[in-house]
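In: 3D, please:
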Amino acid sequence: MPSRASPGGECPVSDQRLEDRPAGDVSTPPSATFRHSASLLGRVTDGVSRFGLPIAWIAVIVIFSILSPQAFFSASNFQTIFSSQAVLLILTLGLLPSLAAGEYDLSVAGVLGVSFVLIGYLNVLHSWPIGWAILVALGLGLLIGLINSFFIVVVGIESIVVTLGMGTLLAGVGLGINNLSIGGISGSLVNAIRTQVFGLQLAFFYGLALTIVLWYVFAYTPLGRYIYFVGTGRNVARLAGIRVNLIRVGALVTGSLIGALAGVVLAGSLGSVDPTTGPSYLLPAFASAFLGSTAITPGRFNPWGSFIAVYFLVTGITGLEIMGLSGWIEQVFYGGSLVIAVAFSRLAGMRRVSSGA
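Out: Below is the predicted model:
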């Protein structure tokens, strides 16, 4: 009887009935072997995609520990690495809601900068209680998010245009509020940020807590799934009954609010404010967000990937600076990482779509 899988009637080995095979032939059919090999290769590839960045981070630590064991592989160095980058971690996490929803928010560094300056202006120059200064700074972040949302969602201007303009505007506003450094930030805020637990500043644990919260939202709540759905395809999401514009507004407002929170943490970390500080965080934050999208959940902007990316990048930069490549290496490292991360993120996204994940 001809095989259904063979137009010419030839019966492949995989389609032979067991009774038609030679006695004692219990070998695995070639097609089954091929499927098993392909499945194994797929699992290996998926594992490399998910955990390649953490493995690379460990490799970087090992390499620099061998090259400079006394300067690099020390408790004080790692304490500095983890504590000093809490602001960058928080700002990077602030990018995730809008990026996951398909929007680019280039104003987050401007929000950080203006909230940072505003705290010093109100608390030091005008003697406001630090609690009220923080509330005003966070409220300003909320307002900026709403303004961005109006022009992006209601008016229909591309997010990259609106937020680029807003970020530039905010940099000017920060200089307008006070174009000089302000010292003497309230000790209560400084203590709330700088106090050490297990050798690490509280700022690190705030960033870690925010990472966990966002991870839970993205991974285990309908809201997180809706955000990814909107970012993948607005029209399809709209047809599925998702309130697309509300999701977009919420993502942009949340990002601005987290950006303002990063400004608050920065003020407490430094104990003073400088109006020129904010814009310098934009490139590292985007580099970390895109690099993070290549790990843990490849092709998606995700909190744990961003967490690892922030510390992978700063570990590499710290190691290179210890080796004597200081000054210019930070910009080269972040710029190159952004380009490479975007390329890998695009490839990971294409692989996710093609696999139906």
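
In: and the end-to-end length of stretch 67-86?
Out: Terminal residues of stretch 67-86 lie 26 Å apart, using C-alpha to C-alpha, to the nearest Å.

In: now it: buried residues?
Out: Neighbour counts over stretch 67-86 (16 or more other C-beta atoms under 10 Å) mark Ser68, Ala71, Phe72, Asn77, Phe78, Gln79, Ile81, Phe82, Ser83, Gln85, Ala86 as buried. Any C-beta I mention is one placed from the backbone N, CA and C, and that applies to glycine too.

In: nearest to Val253, of these?
Out: Lowest distance from Val253 to those (C-beta to C-beta) belongs to Ala86, with 22.5 Å.

In: apart from its chain neighbours, what residue comes closest to the closest one?
Out: Take Ala86 and drop its neighbours on the chain: the residue closest to it by C-beta to C-beta, 6 or more residues apart in numbering is Ala203, 3.6 Å away.

In: and for Thr294?
Out: Of all residues not flanking Thr294 in the chain, Phe344 sits nearest, at 4.4 Å (C-beta to C-beta, 6+ apart).

In: state the helix or strand in which the residue nearest to Ala86 lies.
Out: helix 202-220 (DSSP states H and E).

In: CA atoms of that helix as CSV?
Out: Taking Å, rounded to 0.1, in the frame of the first residue of the first chain, the C-alpha atoms of helix 202-220 are listed here in CSV:
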residue,chain,number,x,y,z
LEU,A,202,20.0,51.7,50.2
ALA,A,203,19.8,53.2,46.7
PHE,A,204,20.7,49.8,45.2
PHE,A,205,17.9,48.1,47.1
TYR,A,206,15.4,50.7,45.8
GLY,A,207,16.5,49.9,42.3
LEU,A,208,16.3,46.2,43.1
ALA,A,209,12.8,46.6,44.5
LEU,A,210,11.6,48.5,41.4
THR,A,211,13.1,45.7,39.3
ILE,A,212,11.1,43.1,41.1
VAL,A,213,7.9,45.2,40.9
LEU,A,214,8.2,45.7,37.2
TRP,A,215,9.1,42.1,36.6
TYR,A,216,6.0,41.0,38.4
VAL,A,217,3.8,43.4,36.4
PHE,A,218,5.3,42.4,33.1
ALA,A,219,5.4,38.6,33.8
TYR,A,220,2.3,37.9,35.9
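
In: now it: buried residues?
Out: Buried residues in helix 202-220, counted by 16+ other C-beta under 10 Å: Leu202, Ala203, Phe204, Phe205, Tyr206, Gly207, Leu210, Thr211, Leu214, Trp215, Val217, Phe218.

In: turn those into JSON lines, columns for distance to Leu122.
Out: What follows is those, written out as JSON lines (distance: C-beta to C-beta, whole Å):
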{"residue": "Leu202", "distance to Leu122": "22"}
{"residue": "Ala203", "distance to Leu122": "21"}
{"residue": "Phe204", "distance to Leu122": "26"}
{"residue": "Phe205", "distance to Leu122": "26"}
{"residue": "Tyr206", "distance to Leu122": "21"}
{"residue": "Gly207", "distance to Leu122": "24"}
{"residue": "Leu210", "distance to Leu122": "24"}
{"residue": "Thr211", "distance to Leu122": "29"}
{"residue": "Leu214", "distance to Leu122": "29"}
{"residue": "Trp215", "distance to Leu122": "33"}
{"residue": "Val217", "distance to Leu122": "31"}
{"residue": "Phe218", "distance to Leu122": "34"}
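
In: the strands in this structure, which residues?
Out: Remark: strands assigned in the chain by DSSP state E are 182-183, 196-197, 200-201, 272-273.

In: which of those sits closest to Gly139?
Out: It's strand 272-273; of the strands of the chain, that one is closest to Gly139 (C-beta to C-beta) at 17.7 Å.

In: the closest one pairs with which strands?
Out: strand 182-183 (antiparallel) (DSSP bridges).

In: contacts for the strand it pairs with next, please.
Out: Applying C-beta atoms under 8 Å, 6 or more residues apart in numbering, the contact partners of strand 182-183 are Val117, Gly120, Tyr121, Val124, Leu125, Gly271, Ser272, Val273.

In: and the third one, what does it touch?
Out: For Tyr121, the contacting residues are Ile177, Asn178, Ile182, Val273, by C-beta under 8 Å, 6+ apart.

In: what do you get for the first one?
Out: Counting by C-beta under 8 Å, 6+ apart, Val117 touches Gly174, Ile177, Asn178, Ile182, Val273, Pro275.

In: count of residues packed around the closest residue to Val236 other than its chain neighbours?
Out: Ranked by C-beta to C-beta, 6+ apart and with sequence neighbours excluded, the top spatial neighbour of Val236 is Phe229, at 7.5 Å. By the measure other C-beta atoms under 10 Å, the count of residues near Phe229 is 20.

In: ok, Phe229 touching Arg238?
Out: No - assessed by C-beta atoms under 8 Å, Phe229 is found out of contact with Arg238, at 9.9 Å.

In: what mean pLDDT does stretch 209-227 have?
Out: Mean pLDDT, stretch 209-227: 96.

In: renumber starting at 28 from here on
Out: From this message on, residue numbering opens at 28, which makes the last subject stretch 236-254.
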